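1. with the input below, show me the fold.
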Amino acid sequence: MSRTRRRATILGAAAASVVAGVALLPNWSAGAAVVDDPTVDAQTKATFQKLADAVFTDRTDALVEGAHGRGGKPLTGGFSGDVKVSASTARTEDAALSTLGRRKDQLAKAGEKYSRANTTVTLNATRVTGRTAKAAVTETTTLTYAQARGGAPRTTGFQARHELTFKADQQGTWQLTDVEDTDQGGLAVNTLSKPVSVKATTADDTMPDAPRAATTRNPVAVPKTGTAYDYKAMAAYAEKYWNVYNKDYPDYNGHADGGDCTNFVSQSLKAGGWKHVPGYVYDYTKWFGNADIQSDSFVGVNEWSWFAQNSKRTTSLANVYQLEVGDVLQMDFDRDGSKDHTMIVTAKSGGVPYVTYHSNNTFRRSVASLVASYPNAAYYAYRT
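-> So this is what the prediction gives:
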């Protein structure tokens, strides 16, 4: 659906919602005692979802070349009546769009531009307590790379989970008062929250320390040699399960100890030929994972790095742009020596690797985008 048509649809739905909420809270409007768990009807829930869709569409559009030159107000500006954006939230969203506009300029300087986008929001659950409603939603966004040529990826995509808070006044008018990212990773390209750092893991002198990789463009190429592993199978697995989790493994998304990123990369490596090394789960020299049990090195960011180096299954690359399909990239957001995030390369074109990862679920994000978005992070590149 085109953005113009979509905007008309959302604004039309918003206008229709004005008459929908008259009977939402009859007891509240009449001054009766507040019900602990009032019912929010299906039409109101649908309007919550439409407003959430407008919020994240506006944010994503801020990253698209020329998107805000089409005329008209932001989609959120069309909501009024019985479901609307509070004045403070409107100011917050205006600031968010300005921040993302600056990010768009940073990405453009790194050669990363998007020509169009599509965002949809699914309402997962609504929890109502008194005059407050909490709406849990999942945002799914696809961005089209501008001027993609040859075998370069045409699109990148991500999923992100959010919680929106709505509060109702005595007249039964619901106002959006807060938007919060709830994913553990915080690595969506349009996110405004800081990525979550993993708590430092206790190490000893026997644990190998990977060298940092440079992030300068156009380094000397380091082609892959040998056929020990099936790198296409690794990439195919990652791209199959980037947003649909494999039930043969546990899902660690949302866990405070690092999320699902390394678990997902380990599954991809296993699909390409990495074999189990069974043993004690806390022994970083062992590596194994299935539906019932996983070694720390299978699911932990730092533990995976220790195993990968100690086992000689990987070697370190001097530059992130030397990564090829099937290689692994890690990040340390705050440079405290504890690695925070693991990704696998599933495509490469024009000297730029594209990574796929969990937490946030992300498909073919360019390394250029990561470096531009997180210029102060430390990067670690592994040849598998």
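2. from now on I want contacts and neighbour counts done on CA atoms only, so please keep to that.
-> OK.
3. can you tell me the helix or strand for residue 172?
-> Using DSSP states H and E, residue 172 sits within no helix or strand.
4. just checking, next helix/strand downstream of the one helix or strand residue 91 maps to?
-> Per DSSP H and E: residue 91 is located in helix 87-109. Counting by DSSP H and E, the next helix or strand C-terminal to helix 87-109 is strand 114-129.
5. tell me how far that following strand lies from the chain's centre.
-> 13 Å (C-alpha atoms, centre = their mean, to the nearest Å).
6. repeat that for stretch 333-353.
-> Here the centre of stretch 333-353 is set off from its chain's centre by 14 Å, with C-alpha atoms, centre = their mean.
7. average model confidence for it?
-> Computed over stretch 333-353, the mean pLDDT rounds to 95.
8. repeat for stretch 47-62
-> Mean predicted confidence for stretch 47-62 is 94.
9. swap in stretch 218-233?
-> In this model, stretch 218-233 carries a mean pLDDT of 92.
10. residues of that stretch that come out buried?
-> Using 16 or more other C-alpha atoms under 10 Å as the burial criterion, the residues of stretch 218-233 that qualify are 229, 230, 231, 233.
11. also stretch 126-144?
-> Judged by neighbour count using 16+ other C-alpha under 10 Å, the buried positions of stretch 126-144 are 126, 128, 131-144.
12. got the end-to-end distance for stretch 243-260?
-> End-to-end distance of stretch 243-260 (C-alpha to C-alpha, to the nearest Å): 12 Å.
13. beta partners of residue 365?
-> Following DSSP bridges, residue 365 is listed with bridge partners residue 355.
14. what residues are up against it?
-> 156, 157, 354, 355, 356 (C-alpha atoms under 8 Å, 6 or more residues apart in numbering).
15. same check on residue 74?
-> So residue 74 contacts residue 58 (C-alpha under 8 Å, 6+ apart).
16. that one and residue 162, how far apart?
-> From residue 74 to residue 162 the distance is 20 Å (C-alpha to C-alpha).
17. kindly report the same for residue 303.
-> On the measure of C-alpha to C-alpha, residue 303 and residue 162 end up 29 Å apart.
18. would you map the strands across the chain?
-> Secondary structure of the chain, counting by DSSP state E: strands at 83-85, 114-129, 132-145, 155-168, 174-181, 315-317, 328-332, 341-349, 352-357, 362-366, 378-383.
19. just put these in TSV and tack on distance to residue 296.
-> Formatted as TSV, the strands of the chain follow (distance: least, C-alpha to C-alpha, whole Å):
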stretch	distance to residue 296
strand 83-85	44
strand 114-129	31
strand 132-145	29
strand 155-168	26
strand 174-181	27
strand 315-317	20
strand 328-332	16
strand 341-349	14
strand 352-357	18
strand 362-366	23
strand 378-383	19
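20. looking at those, which is nearest to residue 49?
-> The closest approach between residue 49 and any of the strands of the chain, judged by C-alpha to C-alpha, belongs to strand 114-129 at 5.7 Å.
21. low-confidence ranges, the stretch 201-350 of the chain, go.
-> Where the stretch 201-350 of the chain drops to pLDDT under 70, the residues are 201-206, 254-258.
22. what of the stretch 51-200 of the chain?
-> Low-confidence segments of the stretch 51-200 of the chain, defined by pLDDT under 70: 68-73, 78, 80-81, 199-200.
23. okay, residue 303 and residue 162: which has more neighbours?
-> Neighbours were counted for residue 303 and for residue 162 using other C-alpha atoms under 10 Å; residue 303 has more, 24 against 20.
24. now the two most distant members of the buried residues of stretch 218-233.
-> Within the buried residues of stretch 218-233, 229 and 233 form the most distant pair, 8.7 Å apart (C-alpha to C-alpha).
25. what do the two both touch?
-> residue 272.
26. so what's residue 45 closest to, chain neighbours aside?
-> Spatial nearest neighbour of residue 45, chain neighbours left out: residue 126 (7.6 Å); criterion: C-alpha to C-alpha, 6 or more residues apart in numbering.
27. quick one: the one you found and residue 133 touch, right?
-> Yes. With contact defined as C-alpha atoms under 8 Å, residue 126 reaches residue 133; the gap is 6.7 Å.
28. could I have stretch 166-175 exported to CSV, CA atoms only?
-> The C-alpha coordinates for stretch 166-175 follow below in CSV (Å, rounded to 0.1, in the frame of the first residue of the first chain):
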residue,chain,number,x,y,z
PHE,A,166,-3.2,5.3,27.5
LYS,A,167,-5.0,7.2,30.3
ALA,A,168,-8.7,8.1,30.3
ASP,A,169,-10.1,11.4,31.7
GLN,A,170,-13.5,11.8,33.4
GLN,A,171,-15.1,12.3,30.0
GLY,A,172,-13.9,8.9,28.7
THR,A,173,-11.2,10.3,26.4
TRP,A,174,-8.2,8.1,26.1
GLN,A,175,-4.9,9.9,25.7
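29. show me what counts as buried in that stretch.
-> Buried-residue list, stretch 166-175, by 16+ other C-alpha under 10 Å: 166, 167, 168, 171, 172, 173, 174, 175.
30. could you give the bridge partners of residue 156?
-> Beta bridges link residue 156 to residue 143, judged by DSSP bridges.
31. these two touch, right, it and residue 363?
-> Yes. Applying C-alpha under 8 Å, one finds residue 156 in contact with residue 363, separated by 5.4 Å.
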